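S.K.: this one's sequence-less:
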């Protein structure tokens, strides 16, 4: 940094001793890009202070003791309720402020003066009011730092919650008011009781009086019901929803054109056609990035689609959209080439997440000692009467395709279809007739219930360029013999030459290198600890088991990477990845869902007719 003749550096900070430079920077305040993060943190702290102020009994400063004497009790109770509500709202707004959301800025500017007034009226706390007003002034000064577009909001859910929750709170409050008839002064009519409930829900004192300290019980109960209604309504009003997927038919057709020309590059390319993803194209239209927004993370999967020379244009559009909405950009499972382009064009960082198992069809054989276990398992299953079929989806009869679709749904472990980076989410779509279905069959024994006939297991493979396939789905009947997946993969690899398939992509093996190095002789303590943690986590997630399963087929390993802005964003990105893949589900009350995608499995009469027309063409 150069120093000018006036003794100042080129950035305007005076030169001289180091401590003077530090003080100068503090006086200037945080860098503009850091303002939202600072404001969000301070808003959360003030929100906690406001909640504490509303809960803890008031503490009167002697200088404003006179103010407390002239204020009626109803006003002070309303101030206590307002302090708690403002605190809750600020806690909810803190995340939006950190993301520089313009709507969060407007909401904070409105509620902060209310919180300051509540501090003065109820607790008579000058410091609390000053903190709120200082943050208010700081927000007004830095208005230009909060320009991010708002996320879609669940307004109708908030309105419905206010009506239903408000009605339930009123009904329960009416029961509470009338549940102490012995301590009630007089015999107030029903209309007066209803009026008392309404005042109580808003934090005011009603006209009904009780004896024996019941006033406090009824008052705090009504106030709690009112706060609960306001808090849940505010949560739904300020909560961002997942932006709905907008993969139109035109977008899908453009992606298919790019995959037809450049689909050989990435085994995950076909999964960009999931209909619960969105897509951005480069200005030239020669490249695209598919993504989904999950919990404020704009999550792309795999490499960009299309010409490598056009990737920077698509990545730039992706980053512009993320900045406009203040979403955290991240990439899940890109290749080494993709990671290099992403990091070079965006300045993001990359971390190896695991390896992809790729089997070369020409090199695969069941002979040899290394394949002994797989060979014995396949021979044993075949002796038990199982047969296999490997065909293009377009070669299946409509009736058989319908059976496969229904079986795939019935054999699913979860309520909804899992997957994001290596799952298509549909079988038998008229546009996916070049996909491959491998099925295992065995005649049902006498007296055995067989809703899907002799079908016992199935696997679905999607195209990887012109001469490759990617394993997308594995399902089996729980009553089938163990080893169905090994049987069908071997059957696919043996049938691959006739289908003109030269390579097969199996599953990811997450953190494979750590598992492999940690099991070797002479591994250091750090590597052994890493492996121990991964083995422990494998009780809930398929980490070690996927690695061992893939290793059976002697694949070559291709590293895959996560691309992310900063190390502190990794926990949030990991949480979003687990949600996207379906491994982590929020409680139903907290779930945020996009607009429903198109049907995953097409099995109605119109779709079957369309499939026949497409096959004939």
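M.R.: Received it, and whenever you're ready, just let me know what you need. The structure presented is a predicted model; accordingly, all values stated were derived computationally and were not measured.

S.K.: does the residue located most distally from the centre of the chain sit in a helix, a strand or a coil?
M.R.: In the chain, the residue that sits farthest from the middle, by C-alpha atoms, centre = their mean, is residue 186; the gap is 56.3 Å. For residue 186, the assignment made with DSSP: H, G, I helix; E, B strand; the rest coil gives coil.

S.K.: which residues touch it?
M.R.: Shown in contact with residue 186 (C-beta atoms under 8 Å, 6 or more residues apart in numbering): residue 209. (C-beta placed from N, C-alpha, C; glycine too.)

S.K.: one more time with 7 Å
M.R.: If you count contacts by C-beta atoms under 7 Å, 6 or more residues apart in numbering, residue 186 has none.

S.K.: Residue 328 versus that one, what's the distance?
M.R.: 60 Å (C-beta to C-beta, to the nearest Å).

S.K.: separation between the residue farthest from the centre of the chain and residue 529?
M.R.: Between residue 186 and residue 529 the computed distance is 72 Å (C-beta to C-beta).

S.K.: mind checking the backbone torsions on the residue farthest from the centre of the chain?
M.R.: phi 80, psi -170 (degrees, to the nearest 10).

S.K.: per-residue pLDDT, it?
M.R.: What the model reports as pLDDT for residue 186 is 81.

S.K.: Could you report the distance from it to residue 134?
M.R.: For residue 186 relative to residue 134 (C-beta to C-beta), the value is 48 Å.

S.K.: from the middle of its chain, how far away would the helix or strand where residue 549 lies be?
M.R.: Secondary structure from DSSP states H and E places residue 549 in helix 544-551. Between the centre of helix 544-551 and the centre of its chain there are 26 Å (C-alpha atoms, centre = their mean, to the nearest Å).

S.K.: Quick check: what element follows that helix along the chain?
M.R.: With elements assigned by DSSP H and E, the helix or strand that comes after helix 544-551 is strand 556-564.

S.K.: what angle sits between the very next helix or strand once past that following strand and strand 556-564?
M.R.: With elements assigned by DSSP H and E, the helix or strand that comes after strand 556-564 is helix 570-581. Orientation check (axes from the mean of the first three to the mean of the last three C-alpha atoms, to 10 degrees): helix 570-581 against strand 556-564 gives 120 degrees.

S.K.: Could I get the buried residue list for helix 570-581?
M.R.: Using 16 or more other C-beta atoms under 10 Å as the test for burial, helix 570-581 gives 573-574, 576-577, 579-581.

S.K.: now swap in stretch 481-500 and tell me
M.R.: 481, 483-496, 499.

S.K.: Helices - which of those residues land there?
M.R.: Among the buried residues of stretch 481-500, the residues falling in helices (DSSP state H) are 484-495.

S.K.: What is the helix or strand harbouring residue 138 packed up against?
M.R.: Applying DSSP H and E as the criterion places residue 138 in helix 126-141. Where contact means 3 or more C-beta pairs under 7 Å, 6 or more residues apart in numbering; DSSP states H and E, helix 126-141 is packed against helix 35-55, helix 102-118.

S.K.: CSV for those helices, including mean neighbour count, mean pLDDT and distance to residue 355?
M.R.: Formatted as CSV, the helices and strands packed on helix 126-141 follow (neighbours: other C-beta atoms under 10 Å; pLDDT from 0 to 100; distance: least, C-beta to C-beta, whole Å):
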stretch, mean neighbour count, mean pLDDT, distance to residue 355
helix 35-55, 20, 79, 35
helix 102-118, 21, 80, 41
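
S.K.: mind checking which of those helices is nearest residue 341?
M.R.: Ranking those by their distance to residue 341 (criterion: C-beta to C-beta) puts helix 35-55 first, at 28.3 Å.

S.K.: Could you pull out the strands in this protein for me?
M.R.: For the chain, the strands defined by DSSP state E cover 278-281, 287-294, 297-301, 305-306, 328-334, 349-360, 387-392, 436-441, 455-464, 468-476, 503-510, 556-564.

S.K.: Sheet-wise, list the partners of the first one with their directions.
M.R.: What it means is strand 278-281. Partner strands for strand 278-281, per DSSP bridges, with pairing direction: strand 287-294 (antiparallel).

S.K.: residues in contact with the strand it pairs with?
M.R.: Applying C-beta under 7 Å, 6+ apart, the set of residues contacting strand 287-294 is 242-243, 255, 258, 272, 276-282, 298-301, 304-307, 310-311, 313-315, 318, 327, 420, 576, 579-580.

S.K.: Turn the helices and strands packed on helix 126-141 into JSON lines, including distance to residue 436.
M.R.: Listed next are those as JSON lines, based on distance: least, C-beta to C-beta, whole Å:
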{"stretch": "helix 35-55", "distance to residue 436": "49"}
{"stretch": "helix 102-118", "distance to residue 436": "48"}
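
S.K.: can you tell me which of those comes nearest to residue 381?
M.R.: Here helix 35-55 is closest among those (C-beta to C-beta), at 57.2 Å.

S.K.: Now do that closest one against helix 102-118, angle only.
M.R.: Using the same axes, to 10 degrees, helix 35-55 lies at 30 degrees relative to helix 102-118.

S.K.: What is helix 35-55 packed up against?
M.R.: helix 73-98, helix 126-141.

S.K.: now it and helix 126-141, what's the angle there?
M.R.: Going by the same axes, to 10 degrees, helix 35-55 makes 150 degrees with helix 126-141.
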